[in-house]
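J.: no sequence on this one, just coordinates:
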């Protein structure tokens with residue numbers, strides 16, 4: 001992600017849960033402004049620690065911008081922490 005905006009925005013997420021290596025898949029999220037973003041692809045997904053809590057990090061795209069979503073598995077909350085436009089000029 002180049003030309004990133006670093007955020008800490010609480011968001012609402014629709015996700016599917018299933019089996020396999022990636023049981024949680026965010027599908028769509030809504031920002032505080034009310035704008036809904038449909039996720040077209042999930043890039044990297046990895047767990048990380050935030051103190052004693054586990055946070056699952058998802059790098060996703062809607063085809064026009066990249067986003068980093070973080071799911072706190074203890075508090076059961078989602079945050080948008082980064083956003084980068086695909087078409088940003090250097």
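T.: Done, it's in. Small disclaimer: the values here were computed from a predicted structure and weren't measured.

J.: The longest strand seen in the chain: what's the following helix or strand?
T.: Ranked by residue count and defined by DSSP state E, the top strand of the chain is strand 4-17. Next in sequence after strand 4-17, counting helices and strands by DSSP states H and E, comes strand 24-30.

J.: circling back to that earlier point, the longest strand of the chain to strand 24-30, inter-axis angle?
T.: 120 degrees (axes from the mean of the first three to the mean of the last three Cα atoms, to 10 degrees).

J.: any idea which residue sits dead centre in the protein?
T.: Residue closest to the average C-alpha location in the chain (Cα atoms, centre = their mean): residue 69, at 1.8 Å.

J.: That one against residue 28, yeah?
T.: No - counting by Cβ atoms under 8 Å, residue 69 sits too far from residue 28 to count as a contact (11.0 Å). Any C-beta I mention is one placed from the backbone N, CA and C, and that applies to glycine too.

J.: okay, and the common contacts of the two?
T.: Each of residue 13 lies in contact with both residue 69 and residue 28 under the rule Cβ atoms under 8 Å, 6 or more residues apart in numbering.

J.: Tell me what the nearest residue to residue 44 once chain neighbours are set aside is bridged to.
T.: Of all residues not flanking residue 44 in the chain, residue 59 sits nearest, at 4.7 Å (Cβ to Cβ, 6 or more residues apart in numbering). Here residue 59 sits in beta bridges with residue 68, as judged by DSSP bridges.

J.: No further questions, thank you.
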